[in-house]
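**Q** Below is the structure, and that's it, no one-letter string:
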């Protein structure tokens, strides 16, 4: 994937062939370092942060060296003799002392103690980093068993270590009153290690970050901002921009890179001044350590509500000292604003400075991005309910309050309202078309002439498809790299299906934000930061997107189909296209977005393997200890956790929102030929006989499976055959006696399928009651059938496209850059070679 850098690496190791690398342990270690420095790893972050120490030594050399030493060059001092190292008065010793006094780097790894005791190789790797970087300190939680009063109890210590003579040496050991992890893992991990930092300024760094020497040289300029005039109050948090270094990995990474770059530059610039509503949105920010230590701390660890812990707070740096606390836990930080909330509520001042930046790696795969956006949306849902938002809203003036709203939770509320508007529009059109009101409205409009209205709707529909959402991105690229580059990048993004990605992300934000508001239950979701060249299984995509995208996409598709069948305006193709084009685009994005952005998503062999894996997963039974990725039943139970932990009002709202599915049956049954244009309520009442009959058949099958399936397979099959024959006989009688048509059967599917799904949703909300009456097994069987049907509906178009080999190649070339495409081709060759062998 990086041929030029790889050849340079081989040259440095004096290896002529790739196979020679594996001949020595030293070469293997160098190879691991080389690969780590090109991913989002701890090694890369440590290397980047240690540039602060090198920058301090370089600047101190220029301040302290004589003219002769400056002429000799910095390298003459940086590579001293053994005598100079031992001499405490040498320039080398002075530079080392200055760097040690000004800079401390603490990496908090709460699992290091357990990893070391178990012989985990990761503990050895961390020790290797400490040996190579003498300023690096590691803080961890040591959990040991001690005997007190005749009883063995677990005791917890916060421990700080450093490397001495290639071994780890304990510096401090502080006994904790109990288990440290009472709230969210990431802030607790930071809070236990914060006591090991010192100085007046603190910078928190995440594991997926990097730094550059030229940026490290600017740090003392940034620290001087604490002494500058920034308004009524001195700054307590110095905002720093980020450089996204993962933009070249894939098209998705490029989309995220452009989106994040626009936010951390033009976005935060405006938030800081003139709006004065910038908070702490990212780890590179530099905190006034004393201010925040005396006003509630840095990371808020309250369980659930502080998934976005940092947004409530501030990195410790000063003209005299720089301390960097670095969290190498796998927890991603997305509740950044809470620290900023606390700082603002306690009369702090947050500024933003763009002359310095820190490297940042973003998620590069769709599943990683979706998990990240899901936990951010959940965190914002909890923020909406938090007292910090309430207090800030009441203490800001009107204009600052509006700015605060639209730049925090208002974005998620607006995203949710956009999706809800689509629902309201389609359900309204659906009701008007079935009730007959639309026919009268269309007739009146045509009589008066509605061509100007059609033209206006057509023109605005071109603007509404995400164009306005990309304006900040275009403006930022234009300011930094020129508007010609911005325009070309925008066109390329459209060709690489950026609207599909951003429309898909809208569904993620809407689903998780809305569910958190209704039921709470925000939780951490691990995303990972690996090299994303792996094909995601269909079952994995289904588990991740079933409730957030697939169910909603199919619901909107059914609404659009019903509107096409029964709407009075649909015979006019222009009108229907204007009304539904963007909505069909939304449906297709939600249903097929994961497969468009999935590596090798249209390769036939992968499709066959995906179907076998999904069929095995959905037919597997659950049980104690069975993970959700092995059984559909286990996954289904996990999907209902938010309903089991919600309150009575959460259940009531779930039932109320589910009632919309009964509209289909109520409206469509009156348009069946079998009703003979009877509009009385009796028709709707008789339609429930079909529902009752389906429930009876389902219950009989469920009881038959329990009674006969284990020992009397023949009896169970005879039972199913009898039910099938009975159903066919009833349909034949209806065809002959009641003028039932084939079209009525398809219309009945559109009418009664949503009704069945409504029963499932209500049963899940009222699970204890349904279990009490013995219907839970039938609901589970019905749900499995619906899941299987949804899987077939989504999988079929993907499988059909996979029949054509050029689709897979086109997808790879369209969605991924040259380096990533080369990686995919190599993966295919290797997998094919193994199978041929």
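**A** In hand now; what should we look at? Keep in mind that what you see is a predicted model, and the values were worked out from it rather than measured.

**Q** Name the nearest residue to residue 242, ignoring sequence neighbours.
**A** Distances taken as C-beta to C-beta, 6 or more residues apart in numbering put residue 360 closest to residue 242, at 4.0 Å, once the chain neighbours are dropped. C-beta: built from backbone N, CA, C; applies to glycine.

**Q** Is the one you found in contact with residue 210, as I believe?
**A** Yes - the criterion here is C-beta atoms under 8 Å, and residue 360 meets it with residue 210 at 7.5 Å.

**Q** overlap in contacts of those two?
**A** Both residue 360 and residue 210 are contacted by residue 245, under the criterion C-beta atoms under 8 Å, 6 or more residues apart in numbering.

**Q** quick revisit: so how far is residue 268 from the residue nearest to residue 242?
**A** As judged by C-beta to C-beta, to the nearest Å, residue 360 and residue 268 stand 13 Å apart.

**Q** which ones are touching the closest residue in space to residue 423 that isn't next to it in sequence?
**A** In space, and not counting its chain neighbours, residue 423 is closest to residue 556: 7.7 Å by C-beta to C-beta, 6+ apart. Taking C-beta under 8 Å, 6+ apart, we find residue 556 in contact with 422-423, 426, 583, 586-587, 590.

**Q** Remind me which helix or strand residue 155 belongs to.
**A** strand 151-164 (DSSP states H and E).

**Q** partners of that strand, with directions?
**A** Neighbouring strands of strand 151-164 in its sheet, by DSSP bridges, are strand 136-148 (antiparallel), strand 167-175 (antiparallel).

**Q** Adding distance to residue 263 as columns, could you present these in TSV?
**A** Output for those, formatted as TSV (distance: least, C-beta to C-beta, whole Å):
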stretch	distance to residue 263
strand 136-148	31
strand 167-175	38
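
**Q** so which of these comes closest to residue 611?
**A** Checking those against residue 611 by C-beta to C-beta gives strand 136-148 as the closest, at 44.8 Å.

**Q** list the buried ones in that closest one?
**A** 136-143 (16 or more other C-beta atoms under 10 Å).

**Q** Among those, which one sits closest to residue 233?
**A** residue 139 (32.0 Å).

**Q** which non-adjacent residue is nearest the closest one?
**A** Spatial nearest neighbour of residue 139, chain neighbours left out: residue 193 (3.6 Å); criterion: C-beta to C-beta, 6+ apart.

**Q** For that neighbour, give me its contacts.
**A** Residues counted as contacts of residue 193 (C-beta under 8 Å, 6+ apart) are 106, 108, 139, 158, 160, 325.

**Q** Endpoints of stretch 392-403, how far apart?
**A** Its start and end residues considered, stretch 392-403 measures 12 Å (C-alpha to C-alpha, to the nearest Å).

**Q** before we move on, what about stretch 188-207?
**A** Stretch 188-207 stretches 16 Å from its first residue to its last (C-alpha to C-alpha).

**Q** ok, now stretch 382-402?
**A** For stretch 382-402, the first-to-last residue distance is 19 Å (C-alpha to C-alpha).

**Q** could you give the mean pLDDT of it?
**A** Stretch 382-402 carries an average pLDDT of 90.

**Q** Show me what counts as buried in that stretch.
**A** 382-384, 386, 388-389, 392, 396.

**Q** Among these, list the two that are farthest apart in space.
**A** Spatial extent of the buried residues of stretch 382-402 (C-beta to C-beta) is set by the pair 382 and 396 at 20.4 Å.

**Q** name the element the residue nearest the centre of the chain belongs to?
**A** In the chain, the centroid-proximal residue (C-alpha atoms, centre = their mean) is residue 372; its distance is 2.0 Å. Using DSSP H and E, residue 372 falls within helix 366-384.

**Q** Can you spell out which helices and strands pack onto that helix?
**A** Helix 366-384 sits against helix 251-262, helix 409-435, helix 498-519, helix 538-545, helix 573-596, with contacts defined as 3 or more C-beta pairs under 8 Å, 6 or more residues apart in numbering; DSSP states H and E.

**Q** Contact partners for residue 44?
**A** 36-38, 210.

**Q** What about those, which one has the most neighbours?
**A** residue 210 (23 neighbours; other C-beta atoms under 10 Å).

**Q** gap between that one and residue 44?
**A** 6 Å.

**Q** same check, this time on residue 197
**A** Residue 197 sits 22 Å away from residue 44, taking C-beta to C-beta as the criterion.

**Q** Just put the contacts of residue 556 in a markdown table and tack on distance to residue 630.
**A** As requested, the contacts of residue 556 are exported to a markdown table (distance: C-beta to C-beta, whole Å):
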| residue | distance to residue 630 |
| --- | --- |
| 422 | 36 |
| 423 | 34 |
| 426 | 37 |
| 583 | 37 |
| 586 | 33 |
| 587 | 31 |
| 590 | 26 |
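
**Q** Show me the two of the residues you listed that sit farthest apart.
**A** Farthest pair in these, by C-beta to C-beta: 426 and 590, 13.8 Å.

**Q** So those two - more neighbours on which side?
**A** residue 590 (27 against 20).

**Q** give the contact list for the more buried one.
**A** Listed by C-beta under 8 Å, 6+ apart, the contact partners of residue 590 are 503-504, 507, 549-550, 552-553, 556.

**Q** 6 Å - rerun?
**A** 507, 549, 553 (C-beta atoms under 6 Å, 6 or more residues apart in numbering).

**Q** How about residue 391?
**A** residue 345.

**Q** And it, how far from residue 292?
**A** Residue 391 is 18 Å from residue 292, by C-beta to C-beta.

**Q** And for residue 200?
**A** Remark: distance between residue 200 and residue 292 (C-beta to C-beta) = 11 Å.

**Q** Looking at these two, which has the bigger crowd around it?
**A** Legend: neighbour count by other C-beta under 10 Å for residue 200 and residue 292, higher for residue 292 (25 against 19).

**Q** Now the host helix or strand of that one: buried residues?
**A** Taking DSSP H and E as the criterion, residue 292 maps to helix 289-293. Across helix 289-293, burial judged by 16+ other C-beta under 10 Å covers 289, 291-293.

**Q** Which of these sits closest to residue 610?
**A** Nearest to residue 610, judged by C-beta to C-beta, of these is residue 292 at 49.3 Å.

**Q** how close does that closest one get to residue 191?
**A** Where residue 191 is concerned, residue 292 sits at a distance of 12 Å (C-beta to C-beta).

**Q** same check, this time on residue 483
**A** From residue 483 to residue 191 the distance is 46 Å (C-beta to C-beta).

**Q** more crowded one of those two?
**A** Remark: of residue 483 and residue 191, residue 191 carries more neighbours, 19 against 12, as counted by other C-beta under 10 Å.

**Q** Let me know the helix or strand that that one is in.
**A** Assessed by DSSP H and E, residue 191 sits inside helix 185-193.

**Q** give me the low-pLDDT residue ranges for the stretch 101-250 of the chain?
**A** 183-184 (pLDDT under 70).

**Q** if we can go back for a sec, next one: the residue nearest to residue 423, what pLDDT does it get?
**A** 94.

**Q** Return the distance of it relative to residue 584.
**A** Using C-beta to C-beta, residue 556 is found at 9 Å from residue 584.

**Q** what's the answer for residue 285, then?
**A** 43 Å.

**Q** Comparing those two, which shows the higher neighbour count?
**A** Each of residue 285 and residue 584 has its neighbours counted (other C-beta under 10 Å); residue 285 has more, 29 against 13.

**Q** model confidence over the helix or strand hosting residue 795, on average?
**A** According to DSSP H and E, residue 795 maps onto helix 776-802. Mean per-residue pLDDT for helix 776-802: 92.

**Q** tell me what the helix or strand following it is packed against?
**A** The helix or strand immediately downstream of helix 776-802 is helix 805-815, counting by DSSP H and E. For helix 805-815, not one helix or strand is in contact under the criterion 3 or more C-beta pairs under 6 Å, 6 or more residues apart in numbering; DSSP states H and E.
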